[in-house]
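Novice: I would like to see how this sequence folds:
(2 chains)
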Amino acid sequence: MAQEQKRADAARQVPVIELRHIDKYFGSLHVLKDVNLSVQRGEVVVIIGPSGSGKSTLCRTINRLETIDAGEIIIDGAVMPEEGKMLAKLRSEIGMVFQSFNLFEHKSILDNVTIAPRDVLRVPRKEAQEEAMRLLERVGVADQAHKVPAQLSGGQKQRVAIARSLAMHPKAILFDEPTSALDPEMIGEVLDVMTELAGEGMTMVIVTHEMNFARRVADRVIFMDGGSILEENTPQEFFSAPRSQRARDFLNSLGDRER
Amino acid sequence: MSTANSSIRDVLYEPPGPKTRRRIGIATAVSIVVLVVLAAKVVRQFYIAGQLGPKYWSLFARYTTWRFLGRGLAGTMEVAVAASAVAFAAGLLLMLGRISRYKILRGFSTALIEITRGIPTLLFIYFFFLLAPQFGLKLPAFWKITLPVAISAAGVVAEVLRSGVNAVPKGQAEAAVSLGMRGGSVFFKIVFPQGFRYVVPALISEIVIVLKDTTFAYVVNYSDLMQNAKVLISNYDALLSVYLVTAVIYILINYLLHKLSVRIAGRNRIPGITIE
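Specialist: Model prediction:
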């Protein structure tokens, strides 16, 4: 109940993430076509679509890991510039979890989580380590703190990556196909952590192929194809009665297993 | 024939079958015979020329000979260490220049790298030995050998470091950037430490080259191992014995360097990142 109240309040405030008229080309390929997206505080937005639809690019565009050719990115009311201090600051407010984990291979798990708070926020070492241990505890890998990434399983690595994002106290976290590189038996443990985060009111943008998960945690489903957003819908409606023909084709192509 | 740890060799070559094993056996036997015959001929020639006579070898029974060679070795090591340090610092700066976002700095660094890589060490030595004094730049003999050796290694070091930095997956920098880290931190805390680990063996190889380049010290009258060996040769007229002993010393040092590189690589090894 309190959660719903919070979300209702948030709706009246500025969106945490707002994309306005984003256009992007890879050479002559138009990969994002006038994309508009607004994510409210506490909202979980799941982006789905066939491969090559631009969903990953869109996700990476939100913190400008991809350059854009036109449009505006606004983070919590502040326009994200193309470079400089302000860009770094706004990026630090938006967490990012990658398909290939991208943990810092030469640093221990603990250092992976503390490096950004210490380097960017100037948190003292001890304080950063205590917080990191709490976060590692929370995602269930505290016992791995003194190992290096290569010694962990994929599922453990991705949970560390989530802890690393959380250490910056982000206003939102972007997940770019967080389970696509995982062995099937490890997908569950990562999705569990994400479900927990969603339950705690974290603002999330998730690109995923996990349809059951999407149905369960999404507040809103966005269907992309050919660089455009074709449909925005509640998960209930999207999965039972998608409005667009292409979304219907896409869902059918997934087969009965996923649905 | 097989080793415990699998290497690229195991992938390239299938294990030999019975026929191949026989061929390898025959080839090995023939090679050994040829080598023994050749070695015997060489020794015989030296014997005929009288180079194996005790008067050419007795000098090594004297303490002063070893002390003299030892001083030379110390000179060699001093130049090698100083030149390696200068080459690394200069190489790092050149590499940073070459990957800089500023076009002018990039072009300038690239040109310097190509020049230092393209010019033979001896030419740099002549520059510092013959040309520089005419323009009032008078350096001690130590720097007349150290600087040219360092400069001709700097370009190579820059390119080796750059290849290491380029080998670090792009996702590493992306992760750092997405956490709000800025250019300098991203490079020096995330990218460079990983890239450096990839190229430790290549850097040690470059130190070996630096060490061998120090033998040019005789040009500038700096007493290194080679220079002192030459003095011994002219004093005792003992060509073969002194060259042999000197060569063995150089081999030993470079072998130790190789061992050191394996140890460093082993200690700094990040599980998952293999250094050959």
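
Novice: Can you pull up the residues of the stretch 101-250 of chain B that come close to chain A?
Specialist: Residues of the stretch 101-250 of chain B lying close to chain A by Cβ under 8 Å from any Cβ of the partner chain are B:169, B:171-172, B:174-182, B:185, B:189-190, B:193-194, B:197. All C-beta atoms are positioned from the backbone trio N, CA, C, and that covers glycine.

Novice: which phi and psi does residue B:92 have?
Specialist: phi -60, psi -50 (degrees, to the nearest 10).

Novice: quick one: contacts for it?
Specialist: Counting by Cβ atoms under 8 Å, 6 or more residues apart in numbering or on different chains, residue B:92 touches B:157-158, B:161.

Novice: Closest one to chain A out of those, please.
Specialist: Distance to chain A across those (Cβ to the nearest Cβ) is lowest for residue B:161, with 15.7 Å.

Novice: Can you read off the pLDDT for that closest one?
Specialist: In this model, residue B:161 is scored at 97, pLDDT.

Novice: quick check: domain ranges of chain B?
Specialist: According to automatic domain parsing, chain B comprises the domains B:17-52, B:59-268.

Novice: looking at those domains, which is buried most?
Specialist: Compared across the domains of chain B, domain B:59-268 shows the largest average neighbour count, a mean of 18 (mean count of other Cβ atoms under 10 Å in any protein chain shown).

Novice: Can you show me the helices along the stretch 151-259 of chain A?
Specialist: Taking DSSP state H, counting those that start in this stretch, the helices of the stretch 151-259 of chain A run over residues A:154-166, A:184-199, A:211-217, A:235-240, A:245-253, A:255-258.

Novice: I'd like to know which of those helices lies nearest to residue B:21.
Specialist: Of all these, helix A:154-166 sits nearest to residue B:21, with 42.8 Å by Cβ to Cβ.

Novice: Can you spell out which helices and strands pack onto that closest one?
Specialist: With contacts taken as 3 or more Cβ pairs under 8 Å, 6 or more residues apart in numbering or on different chains; DSSP states H and E, helix A:154-166 sits against strand A:94-97, helix A:109-120, helix A:125-138, strand A:172-176, helix A:184-199.

Novice: hmm, try it at 6 Å
Specialist: Judged by 3 or more Cβ pairs under 6 Å, 6 or more residues apart in numbering or on different chains; DSSP states H and E, the packing partners of helix A:154-166 are strand A:94-97, helix A:109-120, helix A:125-138, helix A:184-199.

Novice: For residue A:98, which non-adjacent residue is spatially closest?
Specialist: residue A:176 (5.5 Å; Cβ to Cβ, 6 or more residues apart in numbering or on different chains).

Novice: how many neighbours does that neighbour have?
Specialist: Residue A:176 has 23 neighbouring residues, counting by other Cβ atoms under 10 Å in any protein chain shown.

Novice: Contact partners for it?
Specialist: Residues counted as contacts of residue A:176 (Cβ atoms under 6 Å, 6 or more residues apart in numbering or on different chains) are A:56, A:59, A:98-99, A:207.

Novice: The helices of the stretch 151-259 of chain A: lowest mean pLDDT?
Specialist: Sorting the helices of the stretch 151-259 of chain A by mean pLDDT places helix A:255-258 lowest, at a mean of 55.

Novice: okay, the helices of the stretch 151-259 of chain A, which one's buried deepest?
Specialist: helix A:154-166 (a mean of 25).

Novice: Report the next helix or strand after the one helix or strand residue B:85 maps to in sequence order.
Specialist: If you go by DSSP states H and E, residue B:85 is part of helix B:63-98. Following helix B:63-98 in sequence order, the next helix or strand is helix B:103-118 (DSSP H and E).

Novice: Alpha carbons only: can I get that following helix in PDB?
Specialist: C-alpha atoms of helix B:103-118 as PDB (Å, rounded to 0.1, in the frame of the first residue of the first chain):
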ATOM      1  CA  LYS B 103      45.500  15.300 -32.800                       C
ATOM      2  CA  ILE B 104      48.700  17.400 -32.700                       C
ATOM      3  CA  LEU B 105      50.000  15.500 -29.600                       C
ATOM      4  CA  ARG B 106      49.100  12.200 -31.300                       C
ATOM      5  CA  GLY B 107      50.900  13.100 -34.500                       C
ATOM      6  CA  PHE B 108      54.000  14.300 -32.600                       C
ATOM      7  CA  SER B 109      54.200  11.200 -30.500                       C
ATOM      8  CA  THR B 110      53.700   8.900 -33.400                       C
ATOM      9  CA  ALA B 111      56.500  10.600 -35.300                       C
ATOM     10  CA  LEU B 112      58.800  10.400 -32.300                       C
ATOM     11  CA  ILE B 113      58.000   6.700 -31.800                       C
ATOM     12  CA  GLU B 114      58.700   5.900 -35.500                       C
ATOM     13  CA  ILE B 115      61.900   7.900 -35.400                       C
ATOM     14  CA  THR B 116      63.300   6.300 -32.200                       C
ATOM     15  CA  ARG B 117      62.300   2.900 -33.500                       C
ATOM     16  CA  GLY B 118      63.700   3.400 -36.900                       C
END
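
Novice: which bits of chain A sit near chain B?
Specialist: A:63, A:65, A:88, A:91-92, A:96, A:100, A:102, A:104-106, A:116, A:119-120, A:148, A:150-151, A:168 (Cβ under 6 Å from any Cβ of the partner chain).

Novice: Give me the local confidence score for residue B:1.
Specialist: For residue B:1, the predicted pLDDT is 40.

Novice: Any chance you could list what contacts stretch B:20-34?
Specialist: Contacts of stretch B:20-34 (Cβ under 6 Å, 6+ apart): none.

Novice: and that stretch, how far out from the chain's middle?
Specialist: Centre-to-centre, stretch B:20-34 and its host chain are 33 Å apart (Cα atoms, centre = their mean, to the nearest Å).

Novice: What mean pLDDT does that stretch get?
Specialist: On average, the pLDDT along stretch B:20-34 is 95.

Novice: Centre of the chain to stretch A:20-33, how far?
Specialist: Here stretch A:20-33 is found 21 Å from its chain centre; the criterion is Cα atoms, centre = their mean.

Novice: For the stretch 1-150 of chain B, give the residue positioned nearest to chain A.
Specialist: Closest point on the stretch 1-150 of chain B to chain A, by Cβ to the nearest Cβ, is residue B:101, at 10.1 Å.

Novice: how big is the angle separating the helix holding residue B:85 from helix B:103-118?
Specialist: Calculated by axes from the mean of the first three to the mean of the last three Cα atoms, to 10 degrees, helix B:63-98 forms an angle of 150 degrees with helix B:103-118.

Novice: Please list the members of the contacts of residue A:176 that lie in strands.
Specialist: Counted as lying in strands by DSSP state E, out of those, are residue A:207.

Novice: Among the contacts of residue A:176, which one has the most neighbours?
Specialist: Busiest of those [other Cβ under 10 Å] is residue A:207, holding 25 neighbours.

Novice: Isn't that residue up against residue A:59?
Specialist: Yes - between residue A:207 and residue A:59 there is a contact under Cβ atoms under 6 Å: 4.8 Å.

Novice: which ones are touching the closest residue to residue B:228 other than its chain neighbours?
Specialist: Once flanking residues are discounted, residue B:228 sits nearest to residue B:72: 3.2 Å by Cβ to Cβ, 6+ apart. If a contact means Cβ under 6 Å, 6+ apart, then residue B:72 has B:223-225, B:228 as its contacts.

Novice: Residue A:103 now?
Specialist: For residue A:103, the contacting residues are A:112, A:149, A:157, A:160, by Cβ under 6 Å, 6+ apart.

Novice: Can you check the pLDDT for it?
Specialist: Predicted confidence (pLDDT) for residue A:103: 97.

Novice: ok, now how distant is the spatially most central residue of chain B from chain A?
Specialist: Chain B has residue B:208 as the residue nearest its centroid, 1.6 Å off, counting by Cα atoms, centre = their mean. Using Cβ to the nearest Cβ, to the nearest Å, residue B:208 is found at 26 Å from chain A.

Novice: Now that residue: which helix or strand?
Specialist: Counting by DSSP H and E, residue B:208 is part of helix B:192-213.
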